[in-house]
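[1] Starting from these lines, generate the structure:
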Amino acid sequence: MSKSDAHESKHQPERRRRFTYGFIISVMNSIGTAWVFVLLVIINLDIGGRALFNHPVRGVPEIVALSIVACVFLQIAHTLKVGRLTRSDILLNWLQSRHPVLKHILEAVYYLIGGCLMAVLFKASIPLFTKAWRIDEYVGAQGDFMAPVWPVKLIILIGCAAGAIQFLLMAIDSIKQSKTPESKTHDSGGETP
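    Numbering: from 1, shown residues only. Modelled structure (predicted):
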C-alpha cells in the first residue's frame, strides 16, 4: 500500500462524515426553499380569494409568521457553508494579501463565537420547545384556524444545532489553513503577487 493510499484511507471516514452532514444541511436548505415556494402560493391564493371572492384563505397570517422563522433556521447552516451569511470582508481581504495566518485566526475566532451563539440559542430554545409540546400550544383562533407551534420550535432546535456544527467545522478549517505552509510563507510581511 502506497503512502497516498494510506493517507486516502485515513481521511475517508472524515470525508464520509462531512458528506453526510453536507447532504443533511443541503436537504434542510431545499426544504426551506420549497416551503418559501409553498408560502408564495398560499399568499397569492389568499390575495386572490380576498380580491375576487371576498373570501380569504384561513390561517395565512399564522402560517406565514411561523414559516418565516422555520425557513430561516432550516437554511442557516447551508447559508454558512456556502459563504452567504452577511458580513463585511474588507479587513479580511486586506489581511489575506498581507497576513493570511492572521486572517485565518480571526476567521476561526469569528466562527467559534458564532458557534457559541448558536449553542446559547439552542439552550434557550429547549424550554420553549418543551413548553409548546407539553401544553400543546397553538396559534390561531379556536373554531377558525389553529396550527401547533411545537414543529417550528423543533425546527429552531435543529437549525441551531446544525448552525453550531457548521460554525465549528468552519473554525476547524480556518485553524488548519492557518497552519499550512502556504499561509506562513505569505505571512512574512511582504506583498503577495
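[2] low-scoring stretches of the chain, by residue?
    Along the chain, segments meeting pLDDT under 70 span 1-19, 181-193.
[3] which SS class is residue 85?
    At residue 85 the chain is in coil, as set by DSSP: H, G, I helix; E, B strand; the rest coil.
[4] so who does residue 131 touch?
    Going by CB atoms under 8 Å, 6 or more residues apart in numbering, residue 131 touches residue 137. (Glycine included, C-beta is placed from N, CA and C.)
[5] Residue 71 now?
    By CB under 8 Å, 6+ apart, the contact list for residue 71 reads 32, 35-36, 39.
[6] Check which helix or strand the spatially closest residue to residue 155 that is not a sequence neighbour maps to.
    Once flanking residues are discounted, residue 155 sits nearest to residue 70: 4.6 Å by CB to CB, 6 or more residues apart in numbering. Assigned by DSSP states H and E, residue 70 falls within helix 60-81.
[7] Which positions within that helix qualify as buried?
    Using 16 or more other CB atoms under 10 Å as the test for burial, helix 60-81 gives 60, 62-63, 66-67, 70-71, 73-81.
[8] What about the residue lying closest to residue 80 once chain neighbours are set aside, how many residues nearby?
    Spatial nearest neighbour of residue 80, chain neighbours left out: residue 166 (4.6 Å); criterion: CB to CB, 6+ apart. Counted by other CB atoms under 10 Å, the residues lying close to residue 166 total 24.
[9] Helix 60-81 and the helix or strand containing residue 166, what's the angle between them?
    Using DSSP H and E, residue 166 sits in helix 150-178. Helix 150-178 and helix 60-81 are oriented at 20 degrees to each other (axes from the mean of the first three to the mean of the last three CA atoms, to 10 degrees).
[10] tell me what helix 150-178 is packed against?
    Contacts defined by 3 or more CB pairs under 8 Å, 6 or more residues apart in numbering; DSSP states H and E place helix 150-178 against helix 3-53, helix 60-81, helix 100-134.
[11] Next secondary structure element downstream of the second one?
    Beyond helix 60-81 on the C-terminal side, the first helix or strand identified by DSSP H and E is helix 90-98.
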